[in-house]
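Engineer: For reference, the sequence and a predicted model appear below.
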Amino acid sequence: MAPMAATEKRRNFVPTAGRAVISLSIKQLVFAQGDISDSVFHIQSGKVRLTVVATSGKEATIGILSDGDFFGEGCLAGQSHRMYSVTAITECTMTSIDKKSMLDMIHREPTFCDTFVAYLLARNIRYEADLVDQLFNSSEKRLARALLLLAQFGKDGKTGGVIPKISQKTLAEMVGTTRSRINFFMNRFRRLGFVRYDGEIEVRNSLLNVLLYD
C-alpha cells in the first residue's frame, strides 16, 4: 500500500500541459491490447480492470486500479504497443497525458518526479507481494487478500469498504483458481460475517483474520 501522503499527492495531481480529462461509463474501453502506446493515464476517480488475452484466446485479469493510480507508463520506457487492455468497471474520471508532456514533467518538476517514482516503487513492491502470494498462499488466502486490496484496506486509514459489482469469474482470474472455488470461499466468508454481498461486496476488517491465521 502506498503511504498516505503519496496517495494524496497522486489524487490531487492535475497536469498542466498535453493532457485531456476524460469520463468513462461502466464497461467502456480505455485502450486495447495491441494499441499504440503513446500516453500515460492517471485515475482521478473510479476503478478500471487490466486484462490480457493469450494467443489461445484465453483472457486473464491481471489487476484492478483505482483513484490515484497511474497506468500506461510503459510508453515512457520504449513500449510501442499496449501489453494489456483497460476497461472501466465503475464510472471513471481520468487524465490522459501524452508521452512527451509526461517526460517533460518528470524532468522539470522534481516534486512530481518524486511522487511518480514513489508510486512506481510502491507498485513494484505490491507486484513482489503478489508473486509471493501466488507461490506460497492457499487460494482462500489469495482471495481474502484480493478482496482487501480491492476494498483499499489500509489506504488512508480505511478498515473496510465496498467493492463495485465484480464477477466470480474475474475474481477467479485474479486469484488463479476456479470459479467454483471462489463461490465456495465467498459463501464461507459470508457465513463467518467477513463479507456481505448482494451485487456489491462489502468487505469487513474481520476478513484480515483469514490472512493472519491458518
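Structural biologist: Perfect, thanks for sending it.

Engineer: What helices and strands are in contact with the strand or helix carrying residue 135?
Structural biologist: Assessed by DSSP states H and E, residue 135 sits inside helix 110-136. Where contact means 3 or more Cβ pairs under 8 Å, 6 or more residues apart in numbering; DSSP states H and E, helix 110-136 is packed against helix 4-12, helix 99-108, helix 139-150. For the C-beta atoms, the positions are set from N, CA and C on the backbone; glycine is no exception.

Engineer: so how far is that helix off the chain centroid?
Structural biologist: On the basis of Cα atoms, centre = their mean, to the nearest Å, helix 110-136 sits 12 Å off its chain's mean C-alpha point.

Engineer: okay, the most centrally placed residue in the chain: pLDDT?
Structural biologist: Geometric centre of the chain, nearest residue: residue 65, 2.2 Å, by Cα atoms, centre = their mean. At residue 65, the pLDDT value in this model is 92.

Engineer: I'd say it and residue 48 touch.
Structural biologist: Yes - in this structure, residue 65 is within contact of residue 48 by Cβ atoms under 8 Å, at 5.3 Å.

Engineer: and for the two, which residues touch both?
Structural biologist: By Cβ atoms under 8 Å, 6 or more residues apart in numbering, residue 65 and residue 48 have these common neighbours: residue 71.

Engineer: Please, which helix or strand holds residue 27?
Structural biologist: Using DSSP H and E, residue 27 falls outside every helix and strand.

Engineer: Next up, the contacts around it.
Structural biologist: Listed by Cβ under 8 Å, 6+ apart, the contact partners of residue 27 are 87, 88, 89.

Engineer: just to revisit the earlier point, shouldn't the residue nearest to the centre of the chain be within a helix?
Structural biologist: No - counting by DSSP: H, G, I helix; E, B strand; the rest coil, residue 65 is not part of a helix but strand.

Engineer: That one: what's it in contact with?
Structural biologist: Going by Cβ under 8 Å, 6+ apart, residue 65 touches 43, 47, 48, 50, 71.

Engineer: Tell me the one of those residues nearest residue 36?
Structural biologist: Of all these, the one sitting nearest residue 36 is residue 71; the distance, using Cβ to Cβ, is 15.3 Å.

Engineer: coming back round to it: are any of the contacts of residue 65 buried, and which?
Structural biologist: Those of the contacts of residue 65 that meet the buried threshold are 43, 47, 48, 50, 71, by 16 or more other Cβ atoms under 10 Å.

Engineer: which of the residues in stretch 141-161 are buried?
Structural biologist: 141-153, 155, 160-161.

Engineer: angle of the helix or strand containing residue 61 against helix 110-136?
Structural biologist: For residue 61, the host element (DSSP H and E) is strand 59-66. Here the directions of strand 59-66 and helix 110-136 differ by 140 degrees (axes from the mean of the first three to the mean of the last three Cα atoms, to 10 degrees).
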